[in-house]
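[1] the following block contains a protein sequence and its predicted model.
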Amino acid sequence: MASILWIGLAALGLFIFYWKSIYEALCERHRLIKAMAKIPGPPAIPILGVTWMLKWKVEGLVDQLFEWFSIYTNEGVGAINLWLGPQPMVIVINAEYIKAVLESNTLISKGKEYSIIERWLGTGLLTSTGDKWRNRRKMLTPAFHFNILNSFVFSHDKEAQIFVNTIEKFSDNDKIFDIFPFVKRCALDIICETSMGTKINAQINYDHPYVMAVQRMNELSFLYTRMPWMWLKPIWYASGYGNEYDHTLKLVTDFTRKVIEERGREFRQNPPQHPTNGSIEGTKKRYAFLDLLLSVQDEGKLTTEDIREEVDTFMFEGHDTTSSGMGWTLWTLAHHPEIQEKVIQEIDAVFGDSNRPCTPDDLKELKYLENCIKESLRLFPPVPLFTRRVEEDVECEPTLAVAKRSILSNCAMRFTTASAHP
Ligand code: HEM
């Protein structure tokens, strides 16, 4: 009895000591709930929010979200409010409303859903915020100069040739086949060569441990993102996914570390020649991605782990998105044979009967194909949703104020996302 009394007194003491912070937190929570109530959305229940009605399977979830978005769009609503458990998320569905996010210098912190990839990508460009993000973005932008990108057209061409040879056998019969795994392995080979300067030959070596591991990491990360109850560590590990994730994570990051180590040795013994065509001054600006990072490391500004997180970020962002874009472009062309015919005519006009490699100048001529790719990206955006953690109140439109501590997300249903890139 005495011990219960002591515990009660201690709890009361703590409450009195912290009452100001507790009171402020409760007021802040009340303000958040009141602000969110002004934004329309599917009905939420206490604690679970709308998660109880979310579909489990990806296909079902996508259909459900699209249904919600079209209902609210038809009602003229620009943003909807979804309570994911105790966490509110404002989904912006009108391109005008997302302007405030994309143009903001302060709304740069990513949402909580990114935390699962943070263990893999660290706080690389995709997941970092504040000054770290600003400095890294400035540092990495030169690696996207046209001269650098043009110098990799040859690698793209070589891998595209392997891709075509691999799928050619399917053209002789009417059997349906899934082209996406082929596209994905092609994209992975290209990004490995262009960003890390290493070859994994995923298009030939299907079961390469790195290839399998990257695929599994993507699956597990998406599973984690769409099931908020997995955010609780005991559930994550009890489900078995946690241990599998840890094991796969080690495999992927060890591979990148090894590549960086080998390339670093080579870089220091035999510094690369840089492309000399072009007008940008300064040698460092002309380094390709990993070499650029290694050169900055030599100035003492980056650790090997800093490099590792950026390389893994580019490996992930660079192949997952592009393969999805390429896959949907092929799918869209297959469903519109008349458009496909026009693309073929354009390619024939540039290359004729020649099997010569493609050059940067050729790419400029393929305007109709470029439009088809852009239209496919618009119709089927590889990154249909991305989020920001709101750390200050923000007004997306005079009619929509989003309170701090909520998550702001855009739905790229009607616009492309090129502005995300350096
Ligand atoms: C069709 C292809 C692509 C699409 C649709 C796409 C889409 C996106 C989107 C929507 C974001 C913003 C994410 C956010 O703010 O939360 C983003 C960021 C990023 N993407 Fe891509 N991406 C593509 C290709 C690539 C490629 C090829 C690379 C690298 C070689 C890359 C590297 C990055 C990086 C590093 C970021 C973070 C940028 C930053 O926050 O400053 N992406 N991408």
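    All right, it came through fine.
[2] shouldn't residue 10 be within a helix?
    Yes: the assignment for residue 10 is a helix, going by DSSP: H, G, I helix; E, B strand; the rest coil.
[3] how close does it sit to residue 18?
    Distance from residue 10 to residue 18, counting by Cβ to Cβ, to the nearest Å: 12 Å. To be clear about C-beta, it is placed using only N, CA and C from the backbone, and glycine gets the same treatment.
[4] for residue 213, same thing?
    45 Å.
[5] the more surrounded of the two?
    residue 213 (19 against 11; other Cβ atoms under 10 Å).
[6] tell me how many other residues crowd the residue lying closest to the more buried one once chain neighbours are set aside.
    Closest residue to residue 213 apart from its sequence neighbours, by Cβ to Cβ, 6 or more residues apart in numbering: residue 251 at 4.4 Å. Neighbourhood size, residue 251 [other Cβ under 10 Å]: 15.
[7] which helix or which strand is home to residue 251?
    Assigned by DSSP states H and E, residue 251 belongs to helix 241-269.
[8] which SSE is immediately downstream of that helix?
    Helices and strands here follow DSSP H and E; after helix 241-269, the next one along the chain is helix 289-298.
[9] what's the average pLDDT for that following helix?
    Averaged over helix 289-298, pLDDT sits at 88.
[10] could you check the angle that helix makes with helix 241-269?
    Per axes from the mean of the first three to the mean of the last three Cα atoms, to 10 degrees, the angle that helix 289-298 makes with helix 241-269 is 70 degrees.
[11] in the following helix or strand past helix 289-298, which residues are buried?
    Sequence-wise, the next helix or strand downstream of helix 289-298 (DSSP H and E) is helix 304-335. Buried residues in helix 304-335, counted by 16 or more other Cβ atoms under 10 Å: 306-330, 332-333.
[12] near the ligand, which of those residues show up?
    313-314, 317-318, 321-322, 325 (Cβ under 6 Å from any ligand atom).
[13] which one of the residues you listed sits closest to residue 226?
    In terms of Cβ to Cβ, no member of those lies closer to residue 226 than residue 321, at 18.1 Å.
[14] that closest one contacts residue 381, doesn't it?
    No: applying Cβ atoms under 8 Å as the test, residue 321 and residue 381 come out as separate, 9.3 Å apart.
[15] how far away is the residue nearest to residue 213 from residue 245?
    Applying Cβ to Cβ to residue 251 and residue 245 gives a distance of 11 Å.
[16] tally of neighbours for residue 369?
    With other Cβ under 10 Å as criterion, residue 369 counts 18.
[17] quick one, what contacts it?
    Neighbour list for residue 369: 343, 346-347 [criterion: Cβ atoms under 8 Å, 6 or more residues apart in numbering].
[18] which of the residues you listed fall in helices?
    Among the contacts of residue 369, the subset assigned to helices under DSSP state H consists of 343, 346-347.
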